[in-house]
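> A structural model of the following input is requested.
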Amino acid sequence: MTEPSAAAPAHTDPLEPWPETVTWRPVSRSLITVELINRAIWVVLVLAGLTVGWLLTDHWGWPAAMAAVLLFAAWRSAVTVRAVKAWGYAERDNDLLVRHGLVIRRLSIVPYARMQFVDVTAGPLERAFKLATVQLHTAAAASDARIPGLPPEEASRLRDRLTALGEDRAEGL
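Okay, here's the model as predicted:
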C-alpha cells in the first residue's frame, strides 16, 4: 500500500489573478478623496483653457469639448472609487504581492531577494490626507511595483520590513 500523498495545491484560475490563499491588506479609502481632488484640479485647468478658447473664437465646438471633459471626468470619478478598492497587497514568506485593476487586473509578485531599493514618497496632497506611496524597485524595471494610499506609519513599517527581508536574502537591498 502506498501512503496517501499530501493534498494537491488548490487549482487557480489563470483568469482570476487574485489568489484567495493570501490575506489581502487594502489601501486607505482616503486615496479616493486624493484621486478625486487631483482629477478636479486637472478638470478645472482644462475647462479654463477651453473657456479661453471659446471666448476668443465663439465657436460651438468649445462648449461641446467642455461637456465632453465633464462627462469623462464624471465617468472616471465613478471608476476611481472602484479602482481604489481593487488595490491591495499581501506579505508572504518570500515575496510581496501587489494587486490592482478593474478591467485589466494586475498581480505583481516581487521576491524579496530581487528588490534593490524601496522608496516612500508623499506629495503635498497625500501628506494633507496623511498618506504615502511605497515604490519597490527591482533590477527589471517592468517588475517594479507600487502601493499607494498607505498611512505613513504602515509605509515606514513596510519599507523597514522589506529592507530587512531584502538584506536577509543577501541578493537585494
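
> Can you get me a residue count around residue 75?
By other C-beta atoms under 10 Å, the residues close to residue 75 number 10. All C-beta spots, glycine's among them, are computed from the backbone N, C-alpha and C.

> got it, and residue 99?
Residue 99: 21 neighbours (other C-beta under 10 Å).

> what does the strand or helix carrying it rub up against?
Using DSSP states H and E, residue 99 falls within strand 95-100. Strand 95-100 has contacts (C-beta atoms under 8 Å, 6 or more residues apart in numbering) with 17-19, 22, 24, 83, 86-90, 105-112, 136, 145-147, 162.

> Moving C-terminal from it, which element do we reach first?
strand 106-111.

> That next one: how far from the chain's middle?
Averaged C-alpha coordinates place strand 106-111 at 12 Å from its chain's average position (C-alpha atoms, centre = their mean, to the nearest Å).

> just checking, what packs against the very next helix or strand once past it?
Next in sequence after strand 106-111, counting helices and strands by DSSP H and E, comes strand 115-121. Packed against strand 115-121 by the contact rule (3 or more C-beta pairs under 8 Å, 6 or more residues apart in numbering; DSSP states H and E) you find strand 132-138, helix 152-168.

> Buried ones in the shortest one, by neighbour count?
Within strand 132-138, the residues that qualify as buried by neighbour count (16 or more other C-beta atoms under 10 Å) are 132-134, 136-138.

> quick revisit: what's the offset of the strand holding residue 99 from the middle of its chain?
With C-alpha atoms, centre = their mean, you get 10 Å for strand 95-100.

> and the angle for that strand with strand 132-138?
120 degrees (axes from the mean of the first three to the mean of the last three C-alpha atoms, to 10 degrees).

> Direction included, what does strand 95-100 pair up with?
Applying DSSP bridges, strand 95-100 is found paired with strand 88-91 (antiparallel), strand 106-111 (antiparallel).

> list the buried ones in stretch 158-170?
158-159, 162-163, 165-166.

> starting at the chain centroid, how far to it?
Distance, centroid of stretch 158-170 to centroid of chain: 21 Å (C-alpha atoms, centre = their mean).

> The top helix by length along the chain packs against which elements?
Longest among the helix segments of the chain by residue count, using DSSP state H, is helix 30-57. If you count contacts as 3+ C-beta pairs under 8 Å, 6+ apart, helix 30-57 packs onto helix 61-86, helix 124-128, strand 145-150.

> angle of the longest one against strand 95-100?
What that stands for is helix 61-86. 150 degrees.
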